[in-house]
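1. sharing a model that was predicted from the sequence below.
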Amino acid sequence: MAQRALSETRTAEDQAFARSLAARHFRGAVWERFFQAAIVIGIVALLALMFNTVNRIVGLVAVQEAIHPSEISDVPLEQLSAEQLAAILTERLPSGGRVLVRDGLLGGADYYNANNTLTMGQFLPDVTLPESVASKKLSELQPEDTQALFVAAMDKNTLLDEVYDQVVGRDVVGSWPLTASLFNRADIEAEIAADHPNATLQWNSWLDLQFLVDSMSNTPADTGIRTAFLGTIWVLLLTLLVSFPLGVGTALYLEEYSSGNNWLERFIETNIRNLAGVPSIIYGLLGLAIFVRTLESITQGRTVISAALTMALLILPVIIINAQEALRAVPPSIREASFGLGATKWQTIWNQVLPAAMPGILTGTILGMSRAIGETAPLIIIGAATFIVKDPNSPVSKFTVIPIQIYNWAKQPGGQYQDIAAAGIVLLLIVLLLFNATAIILRQRFRRSLSA
Amino acid sequence: MQSELQIGRKSEVIAKALVNDADGSPRIEKRARLFDDFIRYVLLFCGIVSIFTTLGIVVVLGRESLLLFSTLDAQGQPVVTLGEFFFSTSWQPAGLKFGILPLLESTLMTSFVAMLVALPLGLGAAIYLSEYASPRVRGSLKPILEILAGIPTVVYGYFAVTFMTPLLQGVFGRDTVQFYNTASAGLVMGIMILPTIASMSEDALSAVPRNLREASYGLSATKFETISKVILPAALSGIVAAAIVGISRAVGETMIVALAAGAGPNWTMPPNFFVAAETITGHIARISGGDLSYNSVDYDSLFALGFALFIFTLGLNLLSRYITNRFREAYQ
């Protein structure tokens, strides 16, 4: 009797337990789905970002021309020589191309603001001009002079762009991303027919060779990234030159010389960890005050070297922390063996420790550099030029870099600027990918050599 | 002739040195020691550069901020007092009004939205990677997070303007959502911070020793109960530290807000996430990008903003490290 009651309660308990167990498992399964969803959302965001960008670098554009190129020349314009293009410009433009000289070559109103009594030779010191042209002022230029000036100061691609812009009046009046171009063509055609009856639709890739080799232009369709690409290379090289020795030096001091219980050494260590967390925009303010203003006599203000020094300070903590880890991974036995052979501390470091740690140090340096490639905010603060056509050619050149161009384009209203920004982004991501691939290869070789 | 002579001399020196060395003469050893000391100081100098960087930041930001607070207006009154700087709700450099609140409000708004996205998703991703995913799945998922972490912020800014903003406008209507708004910037910033929180939290979770899990299973807890009642509490300090680092990154982030959040300080009460507003960083970027004259109140005000930002992020980072060190559960 009593036993039966006991077993009955037990069944009741068992049932309750079984029910709650099912509920507990269910709750666990729901949460597992949530955790899974979190990572899926991350992946989806990455895919959306990639798709959104790539979608814009190829697509239909609507091109409108004021006059047909065949009215200017019998052969296609692309086949004309630089001299012929310059002749067309001089002949077809109002006041013999002088306006183009003023706005395109001399920087527009700057010419008058500076001093309009200066000669061409004084204004364009980097261009080798015929003596007859170099000695003249803008107001004295004859049509044959502007023609010679165009040939001397512009390359053939620029001339061709100018002919299309100024003479043919070619204008991109609309652009569509790839998906719209493929699946919505009818709507696009209807829109074009309604708004721009003279325009023709054609396929266009915003990321092409022209984009890579052209310098900047006011029209998004003609603009290129060469100046910014070269600027990025200049800034990166100088950054590397400063931050690599300083970073590795600091890491060596902290790992090989520091005893770890000296206040100065502890302070350096803590300080580096803190610097790694300082927002990049603060480095920009530091660079603006120190390198651009205080050291203006050396750096010439807003130049490549100011940018590189600022970047070097910014990526220094990354390089130091990674180099420290690489040094720590070198087994002490290597040092002891070297000491045992009578080597001094520095001989040991230079001949044994550094070579062993080098792949790790390089990996960290590449990580730091890839941060420097994409970093935009500090360079905006120290004032990269927004519009320059001259390639940087020395540490004290004015400059711009790829991410700054992306920022400037993305800021502009209008679809074509978004397209050209997308082209810049794809280029930037490709450069970053190459850098990181190098880092991964180095890391793997490092692992292999350690295990061997 | 000359060079031959030199080579001859050099080898003589080396030979001598070797002989001396074998004799146990201290000569070359001393020279090497001197060189070693010299190198030591060169390396110490490298280390001190980083201290100078911090000093430079404090001195530069501090000095220009002091200049702002000591500038007098036409009536001989200070342009802005410390009280006005922190508690007035209007930031208009042209009208000599420097109240940080509107800028701070939008900074906190974008950071809030970002953390709303990044914290649950980052922590969720970390739990999935560390507790559920097989090593193979984890090996292929982690690089994706690393790619997300490596994308430059200007690219995220572009993503916010060209994708997130149109998406929000599509969902809530163009009348509600302005083209520039803090929600779009915050959401994308959340995606940007997600990998940071995920990887820091994952480190904290995988540092929890196996025997804690096994003990929990032994008491017949389910997997989720083990995670929520045993592992998360044990890893809490690391997770909190990750969240704080995330906040600090959100507060200091510039490019996304410069592109997507809008220009012009805007004090809205109650906060409206769908209207344009300028954050501290966005304001610094916009003003310094133009032709800023060096000895102006505008210029000084940027450094005052920078100083506030520096102190704020430094405080957060120090707090994060304090929590990690102080509350770390030491096992074994």
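-> That came in fine, so what should we check first? Numbering: from 1, shown residues only, chains lettered A, B, ... in the order given.
2. pLDDT of the longest helix along chain B, averaged?
-> Longest helix in chain B, counting residues (DSSP state H): helix B:27-70. Mean pLDDT, taken over the full extent of helix B:27-70, equals 84.
3. run the chain-centre distance for it.
-> Relative to the mean C-alpha coordinate of its chain, helix B:27-70 is positioned 23 Å out (C-alpha atoms, centre = their mean, to the nearest Å).
4. is chain B within reach of the helix or strand hosting A:M369?
-> In this structure, A:M369 sits in helix A:354-374 according to DSSP states H and E. Yes. Helix A:354-374 lies in contact with chain B when judged by C-beta under 8 Å from any C-beta of the partner chain; the contacting residues are A:370, A:373-374. No exception for glycine: its C-beta is placed from N, CA and C like everyone else's.
5. ok, of these, which one's closest to A:E91?
-> Nearest to A:E91 among the residues of helix A:354-374 next to chain B: A:I373, at 45.1 Å, using C-beta to C-beta.
6. what is the neighbour count of that closest one?
-> Around A:I373 there are 19 other residues, counting by other C-beta atoms under 10 Å in any protein chain shown.
7. just the pLDDT for it.
-> Reported pLDDT for A:I373: 91.
8. go on, B:L236?
-> 90.
9. repeat that for A:A452.
-> As predicted, A:A452 sits at a pLDDT of 48.
10. wondering if the longest helix of chain B reaches chain A at all.
-> Yes. Using C-beta under 8 Å from any C-beta, helix B:27-70 comes into contact with chain A via B:32-33, B:35-36, B:39-40, B:42-51, B:53-54, B:56-57, B:60-61, B:64.
11. ok so, going back, which residues does the helix or strand just after the helix holding A:M369 contact?
-> Using DSSP H and E, the helix or strand that directly follows helix A:354-374 along the chain is helix A:377-382. The set of residues that contact helix A:377-382 without belonging to it, under C-beta atoms under 8 Å, 6 or more residues apart in numbering or on different chains, is A:235, A:279-281, A:283-285, A:287-288, A:291-292, A:302, A:306-307, A:310-311, A:314, A:401, A:403-404, A:407, B:153, B:254-255, B:258, B:281, B:284-285, B:288-289.
12. can you check stretch B:307-322 too?
-> Applying C-beta under 8 Å, 6+ apart, the set of residues contacting stretch B:307-322 from outside is A:273-274, A:277-279, A:281-282, B:57-58, B:61-62, B:64-65, B:100, B:240-242, B:244-245, B:247-248, B:251-252, B:280-281.
13. select only the buried ones of the residues you listed in ChimeraX?
-> This is how ChimeraX selects the buried members of the contacts of stretch B:307-322, with burial counted by 16 or more other C-beta atoms under 10 Å in any protein chain shown:
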select /A:274,277,278,279,281,282 /B:57,61,64,65,100,240,241,242,244,245,247,248,251,252,280,281
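14. which ones among the contacts of stretch B:307-322 are found in helices?
-> Mapping those onto helices (DSSP H) picks out A:273-274, A:281-282, B:57-58, B:61-62, B:64-65, B:240-242, B:244-245, B:247-248, B:251-252, B:280-281.
15. can you show me the CA trace of stretch B:118-131 as PDB?
-> Taking Å, rounded to 0.1, in the frame of the first residue of the first chain, the C-alpha atoms of stretch B:118-131 are listed here in PDB:
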ATOM      1  CA  ALA B 118      27.800  44.400 -31.500                       C
ATOM      2  CA  LEU B 119      27.300  43.100 -27.900                       C
ATOM      3  CA  PRO B 120      24.600  40.400 -28.400                       C
ATOM      4  CA  LEU B 121      25.900  39.400 -31.900                       C
ATOM      5  CA  GLY B 122      29.600  39.500 -30.800                       C
ATOM      6  CA  LEU B 123      28.900  37.500 -27.700                       C
ATOM      7  CA  GLY B 124      26.600  35.100 -29.500                       C
ATOM      8  CA  ALA B 125      29.200  34.500 -32.200                       C
ATOM      9  CA  ALA B 126      31.900  34.000 -29.500                       C
ATOM     10  CA  ILE B 127      29.700  31.500 -27.700                       C
ATOM     11  CA  TYR B 128      29.000  29.600 -30.900                       C
ATOM     12  CA  LEU B 129      32.600  29.500 -31.900                       C
ATOM     13  CA  SER B 130      34.000  28.500 -28.500                       C
ATOM     14  CA  GLU B 131      31.200  26.100 -27.300                       C
END
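16. how about it: buried residues?
-> Along stretch B:118-131, these residues count as buried under the neighbour rule (16+ other C-beta under 10 Å): B:118-131.
17. before we move on, what about stretch A:418-433?
-> Neighbour-count burial for stretch A:418-433 flags A:418-429, A:431-432 (criterion: 16+ other C-beta under 10 Å).
18. out of the residues you listed, which touch chain B?
-> By C-beta under 8 Å from any C-beta, the members of those lying near chain B are A:418, A:421-422, A:425, A:428-429, A:432.
19. got the residues you listed as a markdown table, with secondary structure columns?
-> As requested, those are exported to a markdown table (DSSP: H, G, I helix; E, B strand; the rest coil):
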| residue | secondary structure |
| --- | --- |
| A:Q418 | helix |
| A:A421 | helix |
| A:A422 | helix |
| A:I425 | helix |
| A:L428 | helix |
| A:L429 | helix |
| A:L432 | helix |
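20. can you list those in JSON lines and add pLDDT?
-> Rendered in JSON lines, the data for those read as follows (pLDDT from 0 to 100):
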{"residue": "A:Q418", "pLDDT": "88"}
{"residue": "A:A421", "pLDDT": "91"}
{"residue": "A:A422", "pLDDT": "92"}
{"residue": "A:I425", "pLDDT": "94"}
{"residue": "A:L428", "pLDDT": "94"}
{"residue": "A:L429", "pLDDT": "93"}
{"residue": "A:L432", "pLDDT": "91"}
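21. helices along the stretch 151-300 of chain A, start to end?
-> Along the stretch 151-300 of chain A, counting by DSSP state H, counting those that start in this stretch, helices occupy A:156-162, A:178-183, A:185-195, A:209-213, A:226-252, A:263-275, A:280-287, A:296-299.
22. so which of those helices is the most surrounded?
-> Taking mean count of other C-beta atoms under 10 Å in any protein chain shown as the contact definition, the stretch among those with the greatest mean neighbour count is helix A:280-287, which reaches a mean of 28.
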